[in-house]
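Q: no FASTA, just this:
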């Protein structure tokens, strides 16, 4: 009867290539990472969620194993127990409008690597925002940032029922859903109109985007009208316009305003693109700025500084608004109360040659 050899062959550590092969074929799992890094699944999970508490050498091996296997953490599955993910939802009125980019950047920079940012475009309509919010909540987002401060009743109800932190950024409102970090559109428009009055202009026109579903545009128009009243200037509704977005919108608005008699002396357009479109149209028609018509805009950026003549504008701290909104969310997510529920980050008037 033959002897049975009970000796064990020396076990070899799996190489990255061998470990990654089966994992790559079926989709890498956390067990593959743990096996290659020679740690427990719990340690891998801890390294992904709270890397600061894991030994640096162990963390290095785990990251090496993640790279070798191609493992991607399933964050939605990981949120099932807590009923929350580490995803923050952000809704802006338009992804085509560059002025929202700074706010997005501020939010993303402040959230850092521990949170993912999901962005939706509402299309300047409240129903679009409602759809986006419902989609975010189905993904168990841990917080929401909304540019709008006007919402459908269902949007408000969904967020309040979910019990997650929410920051609004488009306007300084007294009664936010939860928190707000912004500036006063009404005060900004009032101050720009007062600035133009101080420069000696009396026939001052006003152009904004459509007021429907846009509380920011409505607040700016209110600020303009309030300034006219305070300085004893008459309101001529023929020179208070709502315009379509874009350069053409600003150009067409100026053409219509220049037909009105008595002639206007200045125009305040509440948008960077609108104001630039008006300036280009004035240059095209030989209307000297500011001699024939003074032009002021808002949402100051590099373009308004570089056109000729350079545009007087309102500057809003959009990057700081994004950073502040994200910080307020993070405080609430971590269980801390924010220092304030309403944060006013203000604005600046930037005088240039166009006025």
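A: Perfect, I can see it now. Quantities reported herein were computed from a predicted structural model and do not represent experimental measurements.

Q: and residue 154, what does it touch?
A: Neighbouring residues of residue 154 by CB atoms under 8 Å, 6 or more residues apart in numbering: residue 130. Glycine gets a C-beta too; all of them are placed from N, C-alpha and C.

Q: Which strand or helix spans it?
A: Using DSSP states H and E, residue 154 sits within helix 153-162.

Q: Just the buried positions in that helix, please.
A: Going by neighbour count (16 or more other CB atoms under 10 Å), the buried part of helix 153-162 is 155, 158, 159, 162.

Q: So which elements touch the helix or strand that it is followed by?
A: Next along the chain after helix 153-162, taking DSSP H and E as the criterion, comes strand 166-168. Contact partners of strand 166-168 among helices and strands, from 3 or more CB pairs under 8 Å, 6 or more residues apart in numbering; DSSP states H and E: strand 143-146, strand 179-182, helix 318-333.

Q: beta partners of residue 350?
A: Listed beta-bridge partners, residue 350: residue 313 (assigned using DSSP bridges).

Q: now the helices and strands packed on strand 166-168 in a markdown table, with distance to residue 349?
A: Converted to a markdown table, the helices and strands packed on strand 166-168 look like this (distance: least, CB to CB, whole Å):
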| stretch | distance to residue 349 |
| --- | --- |
| strand 143-146 | 27 |
| strand 179-182 | 17 |
| helix 318-333 | 16 |
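
Q: before we move on, back to that, name the nearest of the buried residues of helix 153-162 relative to residue 276.
A: Using CB to CB, residue 155 comes nearest to residue 276 of the buried residues of helix 153-162, at 32.5 Å.

Q: and the nearest residue to residue 204 once chain neighbours are set aside, what is it in contact with?
A: Nearest residue to residue 204, sequence neighbours excluded (CB to CB, 6 or more residues apart in numbering): residue 266, at 4.8 Å. Applying CB under 8 Å, 6+ apart to residue 266 gives the contacts 196, 199, 201, 203, 204, 205, 290, 293, 294, 295, 296, 355.

Q: Please spell out the ChimeraX selection for the buried subset of those residues.
A: The buried residues among the contacts of residue 266 can be selected in ChimeraX (16+ other CB under 10 Å) with this line:
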select :196,199,201,203,204,205,290,293,294,295,296,355
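
Q: Same list, the contacts of residue 266, but as CSV with secondary structure please.
A: Shown next, in CSV, are the contacts of residue 266 (DSSP: H, G, I helix; E, B strand; the rest coil):
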residue, secondary structure
196, helix
199, coil
201, coil
203, coil
204, strand
205, strand
290, coil
293, coil
294, strand
295, strand
296, strand
355, coil
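
Q: helices and strands of this structure: which one bottoms out on pLDDT?
A: helix 16-26 (a mean of 50; mean pLDDT, DSSP states H and E).

Q: Tell me which helix or strand comes right after it.
A: helix 30-37.

Q: pLDDT on whichever helix or strand comes after that next one, on average?
A: For helix 30-37, the following helix or strand on the C-terminal side (DSSP H and E) is helix 41-49. For helix 41-49, the mean pLDDT works out to 90.

Q: Please name the nearest non-neighbouring residue to residue 325.
A: Counting by CB to CB, 6+ apart, residue 325 lies nearest to residue 167, which is 4.1 Å off, once chain neighbours are set aside.

Q: For the one you found, give me its contacts.
A: Applying CB under 8 Å, 6+ apart to residue 167 gives the contacts 143, 144, 145, 146, 176, 178, 179, 180, 181, 325, 328, 329.

Q: go with 7 Å
A: Residues counted as contacts of residue 167 (CB atoms under 7 Å, 6 or more residues apart in numbering) are 145, 178, 179, 180, 181, 325, 328, 329.

Q: Does the fifth one touch residue 324 like I think?
A: Meaning residue 181. Yes - assessed by CB atoms under 7 Å, residue 181 is found in contact with residue 324 at 4.2 Å.

Q: Could you check which of the two is surrounded by more residues?
A: For residue 181 versus residue 324, neighbours defined as other CB atoms under 10 Å are more numerous around residue 181 (30 against 23).

Q: quick one: contacts for that one?
A: Contacts of residue 181 by CB under 7 Å, 6+ apart are 167, 169, 321, 324, 325, 328, 343, 345.

Q: what's around the residue nearest to residue 73 when sequence neighbours are not counted, how many residues?
A: Using CB to CB, 6+ apart and skipping residues adjacent in sequence, the residue nearest residue 73 is residue 48, 5.5 Å away. For residue 48, the count of nearby residues is 18 (other CB under 10 Å).

Q: thinking again about what came up before, closest to residue 129 among the contacts of residue 181?
A: Nearest to residue 129 among the contacts of residue 181 is residue 169, at 12.9 Å by CB to CB.

Q: Kind regards, and thank you for your time.
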